[in-house]
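Provide a 3D model corresponding to the input given below.
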Amino acid sequence: MTVMNMPPERRGGHAARLATAGLLTLAALACSGVAQHVAAAPQALPAGCSGTSVITCHYGVAPGNYDVTVSIGGASAGQTEMWAESRRLMLPATGTAAGAVTTHSFTVNVRQPEGQPTGQGGTGNPGLDLRFTGSGPQVSAVSVKPAAQPLVAYLAGDSTVCDQPAAPYTGWGQMITSSVRPGAVIANYGDSGESSGSFISNSALLPALLAKVKANDPVFIQFGHNDKQTSASAYRNNLTTMISRVRGKGGVPVLVTPPVRRLFDGNRLTSTALHVNGVGVNLPAEMRAVGAAQRVPVIDLTARSKTLVESLGPSASAQLFLRSSVDGVTDNTHFSQYGATRMGGLLLQAVREQNLPLAAHLR
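Have a look, this model is predicted:
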């Protein structure tokens, strides 16, 4: 493999030269997956990166999907966590011993805006941004190159799914990224406040998503939180419309019933928590019926999250959501990072159990 040393990217016209070169390697990579002993002298950061307690790296690539390989570790022991773009977790906290380097690979979706498609919470920076945190993060090499036809798993949903721009709010879609092997990638089109109807009509949402879908790409569709006054017929029609349009592009629609809210009556969740809406429509039941009628896989995240939340009980389940004592706000709908991780885990468990297209690409 040819290795090129390059200076930090200028934003703008360099994207075309990147595409032509086909490879951006910013430091020599260690052998993949193998810890190696290195010299005791401190290592300089790769080009494009800066910082100490938090290391940030920016590359001026065009929108698209990119294979990213990083080497972490160095002369001293450290612990490194890697995030991409708008708070998408790529590498959970990973320890390295003094004098050891390990390499890790991912495929990252780059788009603009980089987070929520309507720009809520900010549009981010053009290009690819990586962020390394942890107790003593260490980065010795970064390689970025265009991905060759990865499987793209699209997410269509609301604020419980989306790439939330700022902590403590966290969507489950930005936490499942660390579980996906290189060669597949999550493209999260979730957007705060969207209902099954508004997602269809907004040009930045379903139309923009469909413009990218290729044959066999799975599209996970979760709505319900904001369908508070949606009739049963309208909800069914909206879901059927999304299914039809995804299939029209050759994609594989997957319905996901909405995760529960933390609203208890004694030790059991209320009907509102279980998404019986303001006009009496049991939205998860309607979604399951549409899935059966349309022969579409359904992940019953309502049922799975109900089991989890009720098993923890009214007190301990609070850690899944937002607490004023920890997060500065009380919110029984939106997730903490821990809660989003658990919800994403429930979804991925169902992906594996049902052998959905993404299953073969999970770590």
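
only C-alpha atoms for contact and neighbour calcs from this point on.
Noted.

what are the ranges of the helices in this structure?
For the chain, the helices defined by DSSP state H cover 14-21, 196-201, 206-210, 232-248, 283-294, 301-316, 324-327, 337-353.

May I see the buried residues of the second one?
Neighbour-count burial for helix 196-201, counted by 16 or more other Cα atoms under 10 Å, picks out 196-197, 199-200.

again, but for stretch 151-167
By 16+ other Cα under 10 Å, the buried positions in stretch 151-167 come out as 151-165.

thinking again about what came up before, reformat the helices of the chain as JSON lines; add mean pLDDT and distance to T133.
Output for the helices of the chain, formatted as JSON lines (pLDDT from 0 to 100; distance: least, Cα to Cα, whole Å):
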{"stretch": "helix 14-21", "mean pLDDT": "40", "distance to T133": "27"}
{"stretch": "helix 196-201", "mean pLDDT": "98", "distance to T133": "34"}
{"stretch": "helix 206-210", "mean pLDDT": "98", "distance to T133": "31"}
{"stretch": "helix 232-248", "mean pLDDT": "98", "distance to T133": "37"}
{"stretch": "helix 283-294", "mean pLDDT": "98", "distance to T133": "38"}
{"stretch": "helix 301-316", "mean pLDDT": "98", "distance to T133": "28"}
{"stretch": "helix 324-327", "mean pLDDT": "96", "distance to T133": "19"}
{"stretch": "helix 337-353", "mean pLDDT": "98", "distance to T133": "15"}
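
I'd like to know which of those is closest to A184.
Checking the helices of the chain against A184 by Cα to Cα gives helix 337-353 as the closest, at 14.1 Å.

Which elements pack onto that closest one?
Packing partners of helix 337-353 (3 or more Cα pairs under 8 Å, 6 or more residues apart in numbering; DSSP states H and E): strand 298-299, helix 301-316.

and the angle for that helix with helix 301-316?
Relative orientation of helix 337-353 and helix 301-316, computed by axes from the mean of the first three to the mean of the last three Cα atoms, to 10 degrees: 150 degrees.

Mind checking which residue lies nearest the centre of the protein?
Nearest to the mean C-alpha position of the chain, counting by Cα atoms, centre = their mean, stands Q174 at 2.7 Å.

What score does that one have for pLDDT?
As predicted, Q174 sits at a pLDDT of 98.

Next one: the closest residue to it other than its chain neighbours from A147, what distance?
In space, Q174 comes closest to R88 once its chain neighbours are excluded; the distance is 4.5 Å by Cα to Cα, 6 or more residues apart in numbering. Look at R88 and A147: by Cα to Cα, to the nearest Å, they are 18 Å apart.

Neighbour count for the two, which is higher?
Between R88 and A147, R88 has the larger neighbour count (other Cα atoms under 10 Å), namely 28 against 21.

Could you pull up the residues touching that one?
R88 makes contacts with 163, 174-175, 177, as judged by Cα atoms under 8 Å, 6 or more residues apart in numbering.

Kindly report the same for G291.
Neighbours of G291 in contact, by Cα under 8 Å, 6+ apart: 255, 297-298.

before we move on, what about V281?
For V281, the contact set (Cα under 8 Å, 6+ apart) comprises 230-232.

quick one: which of those residues is nearest S336?
Nearest member of those to S336, counting by Cα to Cα, is T230, at 27.5 Å.

ok, the closest one touching V279?
Yes: using Cα atoms under 8 Å, T230 is in contact with V279, at 7.4 Å.

residues making contact with stretch 108-121?
Contacts for stretch 108-121 (Cα under 8 Å, 6+ apart): 62-68, 84-86, 122-128, 162-166, 185-192, 204-205.

Now that stretch: buried residues?
Under 16+ other Cα under 10 Å, the buried positions of stretch 108-121 are 108-119.

what about the stretch 51-200 of the chain, any weak spots by pLDDT?
Under the criterion pLDDT under 70, no range of the stretch 51-200 of the chain is flagged.

So which bits of stretch 298-316 are buried?
Buried, per 16+ other Cα under 10 Å, within stretch 298-316: 298-306, 308-310, 313-314.

could those be laid out in CSV, adding distance to P137?
Putting the buried residues of stretch 298-316 into CSV (distance: Cα to Cα, whole Å) gives the following:
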residue, distance to P137
V298, 40
I299, 37
D300, 38
L301, 35
T302, 37
A303, 38
R304, 35
S305, 33
K306, 37
L308, 33
V309, 34
E310, 37
G313, 36
P314, 37
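
What separation do you get for P165 and V185?
Taken as Cα to Cα, the span from P165 to V185 is 19 Å.

just P258 next, same as before
Between P258 and V185 the computed distance is 22 Å (Cα to Cα).

out of everything not next to it in sequence, what's closest to G157?
Leaving aside its sequence neighbours, G157 sits nearest to G190 (Cα to Cα, 6+ apart; 4.2 Å).

wait, what's in contact with the one you found?
116-117, 155-159, 161-163.

So which of these are in strands?
Filtering the contacts of G190 for membership in strands, criterion DSSP state E, returns 155-156.
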